[in-house]
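Asks: fold the following and give me the result.
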Amino acid sequence: MAEPIEIQTPFIKLEQLLKLAGAFPTGGGCKEAIQSGQVQVNGAVCLLRGKKLHPGDQVTCGGHIWQVITP
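Replies: Next comes the predicted model:
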């Protein structure tokens, strides 16, 4: 089951979401995971750190799943 990540803005960038979710202790860890193909957005590998995520999008990394939601 996906863990909800609530945003107050129209979108959040992929790297920011991973930091917000606590997936990695540093931004460098997020960057490395994304660039090495360890992160999926809506079921597809995403290599773009700045990928804009909108409500309804799902991110998978390291066995965790997060879903972007709004309040």
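Asks: burial measure for Glu6, as a count.
Replies: Neighbours of Glu6 under the rule other CB atoms under 10 Å: 12. In this view, the C-beta of every residue, glycine as well, is placed from N, C-alpha and C.
Asks: ignore the last one, Lys52
Replies: Lys52: 11 neighbours (other CB under 10 Å).
Asks: please apply the same query to Leu53.
Replies: Counted with other CB under 10 Å, Leu53 comes out at 22.
Asks: which residues are in contact with it?
Replies: Leu53 makes contact with Phe11, Ile12, Lys13, Leu14, Leu17, Val41, Val59, Val68 under the criterion CB atoms under 8 Å, 6 or more residues apart in numbering.
Asks: 6 Å instead?
Replies: By CB atoms under 6 Å, 6 or more residues apart in numbering, the contact set of Leu53 is Ile12, Leu17, Val68.
Asks: per-residue confidence at it?
Replies: Looking at Leu53, its pLDDT is 98.
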